[in-house]
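S.K.: Sharing a sequence plus its predicted fold:
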Amino acid sequence: MDYQKILDTIYEEMSYRDVKGKVASYIPELAKIDRRKFGMHVYCGDQQHFCFGDSKEDFSIQSISKVFTLAMAMRLMGEDLWDRVSVEPSGDPFNSLTQLEYEHGIPRNPFINAGALVISDILVDQLDDPKQELLDFVRKITGDPDIKYDEKVAASEKATGYRNVALVNYIKALGNIKCDVEPIVDFYFHQCSLAMNCKDLAEAFMIFANKGKILKTGEEILKPKTVKRINALMQTCGFYDEAGEFSFQVGLPGKSGVGGGIVAIHPDNYSVAVWSPILNEKGNSELGMKALERLTTLTGVSVF
Ligand SMILES: NC(=O)CC[C@H](N)C(=O)O
């Protein structure tokens with residue numbers, strides 16, 4: 001299959017001019033991003049790389065980081081993790097508080113903010129230096145020792161992150177948070193601020209397409225069973241209240257972030273990352289979703 005030809009077709013067909021959404025502005029630092037940015041990178045199981053556009057420019061990965069922290073928490077806690085966070089799609093916006101009230105502080109899944117904040121609590125509680133260990137983990141699976149937090153983005157979110165602070169306080173009141181609120185949100189705002197490009201993300205997510213092993217070295221990072229669980233969660237919960245639509249249009253497990261990135265994988269076949277900062281009403285990259293729909297249509301390769 002000529003992936004480069006398919007990517008070139010997608011790049012020619014699509015433009016930021018065709019979508020009507022807005023760049024995220026509730027985190028002031030993200031509002032500064034140029035809405036014309038558009039890049040894509042495909043990493044195949046035979047170690048071939050294909051890309052277009054702004055695929056080598058770093059952006060804020062935001063909620064894509066929730067997949068990394070979930071993987072770290074599963075390595076620490078195994079199946080006991082599911083006592084703290086559930087595995088059902090929420091059907092609600094990513095930052096919603098409502099279900100917690102009648103579900104006793106157990107978030108629906110690890111990819112909505114409530115669930116990711118419980119995961120942050122676990123990592124802050126169990127690791128000596130969680131920020132450094134997350135960096136080490138991401139650098140290792142990506143093979144890029146230069147990946148960093150964007151301190152400006154972290155500070156910008158800290159200054160405006162009232163909902164996330166409210167979520168941690170609320171879950172703590174309901175008995176499902178152990179640590180103090182401040183270090184939990186500090187860790188969470190930093191994980192969201194990780195600056196990576198499409199190539200980095202496609203390389204990092206290859207472990208989820210390769211049964212938990214780094215493709216280049218063969219080193220096992222996650223057990224195949226862990227990967228099965230994370231991919232199931234990406235499929236059912238990776239796009240919040242648009243998870244059904246993403247499955248319907250694209251047909252791959254994936255994860256989005258309000259920085260405009262989307263990563264998706266096809267088990268045993270490829271990982272792909274796309275970036276366009278223009279978001280639809282559900283907070284997912286509008287052009288990114290369209291590009292991935294074209295990718296699975298033109299290649300004929302999706303999980304369905
Ligand atoms: N969907 C997202 O990417 C949200 C992440 C963002 N940092 C927040 O907590 O609001």
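M.R.: That came through, no problem. Source: prediction; values computed, not measured. Numbering: from 1, shown residues only.
S.K.: residue contacts, the residue nearest the centre of the chain?
M.R.: Closest to where the C-alpha atoms of the chain average out (CA atoms, centre = their mean) is Ile64, at 1.4 Å. By CB atoms under 8 Å, 6 or more residues apart in numbering, Ile64 lies in contact with 201, 255-257, 259, 261-263. Every residue, glycine included, has its C-beta placed from N, CA and C.
S.K.: Apply 6 Å and report the result again.
M.R.: By CB atoms under 6 Å, 6 or more residues apart in numbering, Ile64 lies in contact with 255, 257, 261, 263.
S.K.: Also Asn280?
M.R.: Here Asn280 is in contact with 21, 286 (CB under 6 Å, 6+ apart).
S.K.: Apply 8 Å and report the result again.
M.R.: Asn280 touches 19, 21, 242, 286, 289, counting by CB under 8 Å, 6+ apart.
S.K.: repeat for Ala24
M.R.: Counting by CB under 8 Å, 6+ apart, Ala24 touches 30-31, 258-260, 277, 279, 283.
S.K.: Redo those as JSON lines? Include secondary structure.
M.R.: Formatted as JSON lines, the contacts of Ala24 follow (DSSP: H, G, I helix; E, B strand; the rest coil):
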{"residue": "Leu30", "secondary structure": "helix"}
{"residue": "Ala31", "secondary structure": "helix"}
{"residue": "Val258", "secondary structure": "coil"}
{"residue": "Gly259", "secondary structure": "coil"}
{"residue": "Gly260", "secondary structure": "coil"}
{"residue": "Pro277", "secondary structure": "coil"}
{"residue": "Leu279", "secondary structure": "strand"}
{"residue": "Gly283", "secondary structure": "coil"}
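S.K.: State whether Thr226 is indeed within a helix.
M.R.: Yes - counting by three-state DSSP, Thr226 falls inside a helix.
S.K.: how about the contacts of Asn280 in JSON lines, adding distance to the ligand and neighbour count?
M.R.: Listed next are the contacts of Asn280 as JSON lines, based on distance: CB to the nearest ligand atom, whole Å; neighbours: other CB atoms under 10 Å:
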{"residue": "Val19", "distance to the ligand": "18", "neighbour count": "19"}
{"residue": "Gly21", "distance to the ligand": "14", "neighbour count": "20"}
{"residue": "Glu242", "distance to the ligand": "11", "neighbour count": "21"}
{"residue": "Glu286", "distance to the ligand": "14", "neighbour count": "21"}
{"residue": "Met289", "distance to the ligand": "14", "neighbour count": "25"}
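S.K.: Which members of those residues define the maximum pairwise distance?
M.R.: Farthest pair in these (CB to CB) is Val19 and Glu242. Separation: 14.7 Å.
S.K.: any idea which element Leu123 lies in?
M.R.: Secondary structure assigned from DSSP states H and E places Leu123 in helix 113-126.
S.K.: name the helices or strands packed onto that helix?
M.R.: Judged by 3 or more CB pairs under 8 Å, 6 or more residues apart in numbering; DSSP states H and E, helix 113-126 is in contact with helix 65-77, helix 130-142, helix 162-173, helix 181-193.
S.K.: Packing partners of the third one?
M.R.: Applying 3+ CB pairs under 8 Å, 6+ apart, we find helix 162-173 packed against helix 98-102, helix 113-126, helix 181-193.
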